[in-house]
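Novice: sequence plus the predicted model coming up.
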Amino acid sequence: MYARPESLDEALGHLADGGWTVLAGGTDFYPARVGRPLTEPVLDLSRLSELRGVEATDDGIRIGALTTWTDIVRTELPPAFDGLKLAAREVGSIQIQNAGTVAGNLCNASPAADGVPPLLTLDAEVELASTHGLRRLPLGAFVLGNRRTALAPGEIVTAIHVPADATTGDSSFLKLGARKYLVISIAMVAARLHGDEAAIAVGSCSAVAQRLPALERDIRSGWTSADTVTPEHLAPIAPIDDIRADAGYRREAAAELIRRTMRELGR
């Protein structure tokens, strides 16, 4: 069974019946099913233009769920979003960036999802809709683990919200992989600095990307040297050994990416 609703209400009505697999850009959906027929009912959201685009609101910036990574790159946004734009350019090839959606990157919940660290530094909240109404969750409470989210039955992501007080400052993003482009990261770091305030997140070094509160606290207290990243600063991450790198290398790589990002931002 296949449905392609033309309104959010129609989509939520289908979801309320249960059993649907939601399709947005399809850049993860289709590769996972190469060589075998579809067996599950598919709900294709691609016609829901109301869920695409970036706009300023009274309380910050709203990024529609179907906004593509190319949309992010092309939209004029404050410097606080530069890290997100840099990450957008790392999401696969240009073709993937043209089709892949911001919400899809979150819902796929890969530990190596490029969009998660910069959105964490922007204090992003995820808007969820169902026939029962809307609710919001901090991004850190939405992505629960490897391929696990807090989506309840009958819900879809409709937007990502960045609060106004997180739209200030400068930001950056660095990613390390086995080659320069088209690669799953070994480690990645996003940072946003505004005066003595800091938001720093590390991805690909835990089941879920992690903020570094001890490092953020030290920056608020006057720590300004990019050369002093301690093991205590990296305590929230939990790197693993896999085919791309071992845990020790990942930890060292994360520390070095933090140093480089901080220097890039003038610290």
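Specialist: Received it, and whenever you're ready, just let me know what you need.
Novice: how about the strands in the stretch 1-150 of the chain?
Specialist: 2-3, 21-23, 42-44, 54-57, 60-64, 125-130, 133-138, 143-145, 148-149 (DSSP state E, counting those that start in this stretch).
Novice: need those in a markdown table with mean pLDDT and mean neighbour count, can you?
Specialist: Bear in mind the C-beta positions are built from the backbone N, C-alpha and C, glycine included. Conversion of the strands of the stretch 1-150 of the chain to a markdown table gives the following (pLDDT from 0 to 100; neighbours: other Cβ atoms under 10 Å):
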| stretch | mean pLDDT | mean neighbour count |
| --- | --- | --- |
| strand 2-3 | 93 | 13 |
| strand 21-23 | 94 | 17 |
| strand 42-44 | 96 | 18 |
| strand 54-57 | 96 | 14 |
| strand 60-64 | 98 | 21 |
| strand 125-130 | 98 | 21 |
| strand 133-138 | 97 | 12 |
| strand 143-145 | 97 | 17 |
| strand 148-149 | 97 | 15 |
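Novice: for Glu216, find the nearest of the ones you listed.
Specialist: With Cβ to Cβ as the criterion, Glu216 lies closest to strand 133-138 of the strands of the stretch 1-150 of the chain, at 15.6 Å.
Novice: chain center to that closest one: distance?
Specialist: Averaging C-alpha positions (Cα atoms, centre = their mean, to the nearest Å) puts strand 133-138 17 Å from its chain's average.
Novice: what's the answer for stretch 249-262, then?
Specialist: Distance of stretch 249-262 from the chain centroid (Cα atoms, centre = their mean) equals 19 Å.
Novice: pretty sure Leu128 sits against Gly154.
Specialist: No - counting by Cβ atoms under 8 Å, Leu128 stays clear of Gly154, with 9.9 Å between them.
Novice: for the residue nearest to Gly248 when sequence neighbours are not counted, which residues are in contact?
Specialist: Leaving aside its chain neighbours, Gly248 sits nearest to Pro239 (7.7 Å; criterion: Cβ to Cβ, 6 or more residues apart in numbering). Pro239 makes contact with Ala187, Cys205, Ser206, Ala245, Asp246, Ala247, Gly248, Arg250, Arg251, Ala254, according to Cβ atoms under 8 Å, 6 or more residues apart in numbering.
Novice: distance of Pro239 from Ser206?
Specialist: 7 Å (Cβ to Cβ, to the nearest Å).
Novice: neighbouring contacts of the lengthiest helix in the chain?
Specialist: Using DSSP state H, we find that the single longest helix of the chain is helix 247-264. Residues outside helix 247-264 that contact it (Cβ under 8 Å, 6+ apart): 172-176, 186-191, 200, 202, 204-205, 212, 215, 226-227, 229, 233-234, 237, 239-241, 245.
Novice: equivalent analysis for stretch 86-103, please.
Specialist: With Cβ under 8 Å, 6+ apart as the contact definition, stretch 86-103 has outside contacts at 24-28, 63, 65-70, 72-73, 105, 114-115, 117-118, 126, 157-160, 172-175, 181-182, 185, 188, 190.
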